[in-house]
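> Build me a model from this:
(one chain, ligands or ions: 1)
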Amino acid sequence: MLIQLHPDVMRGDDIGLKSDWWSDARFAQQQFTGANPTTITQASTEWIRAFKDAAAKQGYSSASDTIAAAGSKSLFVQDCSYFRAAVGAGDADVLISRTPGADDRYECASVTLFELNPDGKLHPLAIVIDWKGSMEKSVVIFNKRLQPHDPFYAEPTEAEKNDWPWRYAKTCAQTSDWIRHEMAIHLVHTHLVEEVIIVAANRSFPSDHPVFRLLEPHWFRTLSLNAAARDTLVPDIIIDLVGISNTQAMSFINYAFTTFDFCGKYIPNDLVSHLLEFFTILGHVSGVTRSNWTTFPSNPTKSLTLPNRCCLRWQC
Ligand SMILES: [Fe+2]
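Numbers count the residues shown, from 1 in each chain. Model prediction:
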């Protein structure tokens, strides 16, 4: 009903109403600009080597060759391999939630490899469905389609639609990304970290201080929302949805809080450390040059207006 009445909070259809919602193109778009666009990062040499070796081991030489040809600057990952460490589970442990009277729920720690093509098309190449400490102990599924559609949103083929192992892998990746988004990025990295800032700012600044006045509008209802999250949302709703035990869920939340890199999350630092090459290539496509992105963090009083009308401003 909500979808029918309000197709989108901005414009366009809800993703579930797209006829090709299951396609690689939609999957890639969702991972970059969907619910949780903050976790896609440049692939490390270790991940690139691991995926390339896994492809070779499976006899999928064209995938191995594609990864080798792409090079480190064009390969990106969404890396949830830390999940078992975050919840205190061993490599061989199954991540599961067992509640009397309810179906068992499972969680997985996926790692997704993407290639950013020179024309700006992001394409998923491979997915570790549940990282268990090494590629040898984990299941890695490679995409049979190593290149994206041309054009990007052309109607995908029946072969892509019926590639069930690959669609299962994408489901695993989105399941991992959901718990990471809701419990780490959204709950902890925004709401709970913000609470620390609110308390510290109230203790440190008079209410008419420019910094206080700049920050205060961002705190509208945050403390009361956080209190409700602690009292109800996490213990009565989130815990009953996730595929890990109550103790593991609390450990997951604590891990997100204790490993939060405050300075690394400054917007310029975050953009540069994770996505500079991404924006370099997108900039090549859309007209923004690399110099914009390298200049941006060293000149934080400047604002950068992107051709798609997205304006990033870092001023105070
Ligand atoms: Fe929120």
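> Find the nearest non-adjacent residue to residue 66, please.
Leaving aside its sequence neighbours, residue 66 sits nearest to residue 146 (CB to CB, 6 or more residues apart in numbering; 4.8 Å). The way it works is simple: take the backbone N, C-alpha and C, and place the C-beta from them, glycine included.
> Checking that neighbour next. Helix, strand or coil?
coil (DSSP: H, G, I helix; E, B strand; the rest coil).
> and the gap between it and residue 167?
Separation of residue 146 from residue 167 (CB to CB, to the nearest Å): 17 Å.
> what do you get for residue 267?
For residue 267 relative to residue 167 (CB to CB), the value is 35 Å.
> who has more neighbours, the two?
residue 167 (17 against 13; other CB atoms under 10 Å).
> show me what contacts the more buried one?
residue 22 (CB atoms under 8 Å, 6 or more residues apart in numbering).
> What is the three-state secondary structure of it?
Using three-state DSSP, the secondary structure recorded for residue 167 is helix.
> Let me know the distance separating it from residue 144.
For residue 167 relative to residue 144 (CB to CB), the value is 11 Å.
> All the helices of the stretch 151-300 of the chain, residue numbers only.
158-161, 164-179, 193-204, 210-215, 222-228, 246-258, 267-286, 290-298 (DSSP state H, counting those that start in this stretch).
> Out of those helices, the one nearest residue 237 is which?
Closest approach to residue 237 among these (CB to CB): helix 222-228, 10.6 Å.
> For the closest one, buried residues please.
222, 226 (16 or more other CB atoms under 10 Å).
> ok, now stretch 88-97?
Buried-residue list, stretch 88-97, by 16+ other CB under 10 Å: 89, 95, 97.
> go on, stretch 170-186?
170-177, 179-186.
> same check, this time on stretch 213-222
215, 222.
> ends of it, how far apart?
One end of stretch 213-222 sits 16 Å from the other (CA to CA, to the nearest Å).
> Also stretch 65-85?
32 Å.
> Could you report the separation of residue 98 from residue 203?
Taking CB to CB, one finds residue 98 at 43 Å from residue 203.
> In stretch 115-123, which residues are buried?
Neighbour-count burial for stretch 115-123 [16+ other CB under 10 Å]: 115, 116, 117, 121, 122, 123.
> now, which of those lie within strands?
Of these, the ones assigned to strands by DSSP state E are 115, 116, 122, 123.
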